[in-house]
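Peer 1: Here is the input, now give the coordinates:
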Amino acid sequence: MNPKRIIHLKDGKSESNQKYVIYWMQQSQRVHYNHALSYAIELANQKDLPMLVYFGLTPSYPEANLRHYYFMLEGLKEVKGILHHFGINFVFKLESPEKGIQRYLGDAYALVMDYGYLRHQKLWRKEVLDIAVQKEYSLSIDLIDTDLIVPVRIASDKAEYGAYTLRPKIKRMYLEFRDFSRTPVLKNKGHLNIDSDDDLSDIKKLTDQLDIDQSVKISPIYHGGYTNASKLFSDFLENKANQYMLSNDPSLSLTSKMSMYLHFGQISALEIMDRMFLAIDHGHLDGASFDAYIEQLLVRRELAFNYVTYNKGYDQFESMTEPWAYMTMNEHEFDKRDYLYSKNELESYQTHDPYFNAAMKEMVFTGYMHNYMRMYWAKKIIEWSPTYKEAYQTILSLNNKYFIDGRDPNSYTGIAWCFGKHDRAWTERSVFGKLRYMNDKGLERKFNIEGYVKDIENIINNNPPIVKS
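Peer 2: Numbering: from 1, shown residues only. The predicted structure is shown next:
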């Protein structure tokens, strides 16, 4: 592992009462290509100690609902089985993670944490560090950035203006972060007699007992876990990757759909990139398609993480975009809107626009929406809302409610892009001012958009929603 992935937070000292090494798995919910897990195993092997992987589940995670929890728990069930096979103890607690882990700190030789990028994730890790220092625990604490190819603070030390400013920086260094070979074998496979609120064998029973929003149903199409992610990506490589240059067309379904798995850390971005390299090295992938996909996985994705890292107001209307964008919105705040729709009308796809309605159906029903349609969908909400702030709040609320990959750096950045962030000023027009404009005629000119509408109807008709009884 490239040592630049490691942030050392606290020195430790060896004592006779230390019983294990803890890996607090929270952001990176996987075994494969997990630098934090591998680092923790290496520390355990140095002291011939067993391993404890801890996961805390809070029912009050911001804006999460049944759809999100079920997808995540499908992945954790798989993680538990793999860890058991490797002789690694797994403890699952039904409490806020930064609280639940504290009871295990006193007996630990070391704590390894994966990196959290959003505000509340950082606060969780800070609280655990502060408690360990305050109580003078003897364990060492390290933080490992394993969900990005290039760690966010290494790629850049400031907010980047756009992809064109981050791209040359990240392209110069990303090859040195192709730094994963294999997960080490744990020497001491001793069983730790530690209680676990482990009912992962029955996810339905577990989610029934959680006090969460049950109104958004489980996706009938997409299911969580590394195995599902890996199979989906293998299908992409075999059947779609060489047509990736056409992936903007919603009717062709040529995207990899990895965003939801990356959101929960169920698959590593580095593994995806390594598999792309393997495909091109063996002549199974053309260079243009490889470059186009790596641009999204490496440059665009890491630009989103740069955005939430260096913009403290990444989720607030007043601070999410550029001064020129606020200026043009202020100038056009009171422009006449030809259509105005309430949030409920949008959510129940009751607009005059069949393409918006189809995209909204895909979102509500499956938990996914084609990337190009996400932009169109958000632009229409801007156009049909009485104010820009109300539009932003509606877009963010619906995004986080229905998308499996909602509440993610890519979500906050993508929405801000619709309001001018990482974009440029365009020709001025009514309502949008100098913000980029999108319309139905553009969809009809560029794509077989009627085919997309029919595909969504077929998906809904052939996949009845999963209702928990």
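Peer 1: how close does Y368 sit to H284?
Peer 2: 26 Å (CB to CB, to the nearest Å). To be clear about C-beta, it is placed using only N, CA and C from the backbone, and glycine gets the same treatment.
Peer 1: So what's the predicted local confidence for the residue most central in space within the chain?
Peer 2: Residue closest to the average C-alpha location in the chain (CA atoms, centre = their mean): H263, at 2.0 Å. The per-residue pLDDT reported for H263 equals 98.
Peer 1: how about the nearest residue to it once chain neighbours are set aside, what does it touch?
Peer 2: Closest residue to H263 apart from its sequence neighbours, by CB to CB, 6 or more residues apart in numbering: D405 at 4.1 Å. D405 sits next to S259, M260, L262, H263, Y368, S411 when contact means CB atoms under 8 Å, 6 or more residues apart in numbering.
Peer 1: Could I get the contacting residues of the third one?
Peer 2: Just to be clear, that refers to L262. Counting by CB under 8 Å, 6+ apart, L262 makes contact with D147, A269, I272, R301, D405.
Peer 1: Widest-spaced pair of those residues?
Peer 2: Distances among these were taken as CB to CB; the most separated pair is I272 and D405, at 14.5 Å.
Peer 1: And the residue lying farthest from the centre of the chain, how far from L340?
Peer 2: Relative to the centre of the chain, and counting by CA atoms, centre = their mean, the farthest-placed residue is S16 at 39.9 Å. S16 is 70 Å from L340, where distance means CB to CB.
Peer 1: Next: E63.
Peer 2: E63 is 25 Å from L340, where distance means CB to CB.
Peer 1: do the same with R67
Peer 2: 29 Å.
Peer 1: what's the answer for S14, then?
Peer 2: With distances taken as CB to CB, S14 is found 67 Å from L340.
Peer 1: wait, M363 sits on N400?
Peer 2: No: between M363 and N400 there is no contact under CB atoms under 8 Å: 11.4 Å.
Peer 1: Of these two, which one has the most company?
Peer 2: Remark: of M363 and N400, M363 carries more neighbours, 24 against 20, as counted by other CB atoms under 10 Å.
Peer 1: Look up how far N399 lies from Y349.
Peer 2: Distance from Y349 to N399, counting by CB to CB: 16 Å.
Peer 1: neighbour-wise, which of these two wins?
Peer 2: Set side by side, Y349 and N399 show more neighbours around N399, with 23 against 17, by other CB under 10 Å.
Peer 1: Neighbours of the residue nearest to D440 when sequence neighbours are not counted, how many?
Peer 2: Spatial nearest neighbour of D440, excluding adjacent residues (CB to CB, 6+ apart): Y355 at 5.7 Å. Neighbourhood size, Y355 [other CB under 10 Å]: 23.
Peer 1: correct me, but Y355 touches I449?
Peer 2: Yes: with contacts counted by CB under 8 Å, Y355 reaches I449, the gap being 5.6 Å.
Peer 1: burial of K454, as a residue count?
Peer 2: Neighbour count of K454, defined by other CB under 10 Å: 13.
Peer 1: so which strand or helix has it?
Peer 2: helix 449-462 (DSSP states H and E).
Peer 1: contacting residues around S138?
Peer 2: G12, K13, S14, E15, Q18 are the contacts of S138 under CB under 8 Å, 6+ apart.
Peer 1: Can you flag the buried ones in those residues?
Peer 2: G12, Q18 (16 or more other CB atoms under 10 Å).
Peer 1: how is this protein carved up into domains?
Peer 2: In terms of domains, the chain is parsed into 3-147, 149-181+225-310, 317-462 (source: automatic domain parsing).
Peer 1: can you put the ones you listed in a markdown table and add distance to I212?
Peer 2: Formatted as a markdown table, these follow (distance: least, CB to CB, whole Å):
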| stretch | distance to I212 |
| --- | --- |
| domain 3-147 | 5 |
| domain 149-181+225-310 | 16 |
| domain 317-462 | 12 |
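Peer 1: So which of those is nearest S215?
Peer 2: So among the domains of the chain, domain 3-147 is nearest, using CB to CB, at 6.9 Å.
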